[in-house]
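[1] One predicted model, sequence on top.
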Amino acid sequence: MINIEDFIISLADAFKNLSYFGIFLALCIEFVPAEVVLPLAGYWVSEGDMAFIGVVAAGSIGGVAGPLTLYWLGRYGGRPFLNKYGKYFFYKT
């Protein structure tokens with residue numbers, strides 16, 4: 001059985017290895033809430049592992065790019081997109 005503490009530590013190490021792209025990706029896709037990612041990134045900034053401006057830039061761009069992509073997908077794709085590609089996302093028409 002997997003230990004939750006080991007899982008969280010391995011997840012944090014994975015984000016640290018991906019550096020700024022990991023922060024961008026986590027906030028863009030939001031598979032991990034921003035409330036978890038940003039304090040962790042702040043800790044890395046305080047330890048000197050990452051630059052403050054890089055974390056702010058990656059977080060800001062990732063936090064805007066994900067929702068904006070979904071907005072434009074809904075705006076220009078809409079119902080026809082769901083009818084055509086919904087089967088890949090377990091959407092029943």
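    Received the coordinates, thanks.

[2] in this protein, which residue is closest to the centre?
    The residue lying closest to the centre of the chain (CA atoms, centre = their mean) is Ala26, at 1.9 Å.

[3] mind checking the SS state of the nearest residue to Trp44 once chain neighbours are set aside?
    Excluding the flanking residues, the one nearest Trp44 by CB to CB, 6 or more residues apart in numbering is Met50, at 4.6 Å. For every residue, glycine as well, the C-beta is placed using N, CA and C. Put simply, Met50 is coil when judged by DSSP: H, G, I helix; E, B strand; the rest coil.

[4] Output stretch 81-93 as CSV - backbone C-alpha positions only.
    The C-alpha trace of stretch 81-93 is given here as CSV (Å, rounded to 0.1, in the frame of the first residue of the first chain):
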residue,chain,number,x,y,z
PHE,A,81,-16.9,19.9,-30.9
LEU,A,82,-18.5,17.8,-28.1
ASN,A,83,-20.6,15.8,-30.6
LYS,A,84,-17.6,15.0,-32.7
TYR,A,85,-14.8,14.5,-30.1
GLY,A,86,-16.9,13.9,-26.9
LYS,A,87,-16.4,10.1,-27.1
TYR,A,88,-12.7,10.6,-26.3
PHE,A,89,-13.7,12.5,-23.1
PHE,A,90,-16.4,10.0,-22.0
TYR,A,91,-19.1,12.5,-23.0
LYS,A,92,-22.4,10.9,-24.2
THR,A,93,-24.3,12.8,-26.9
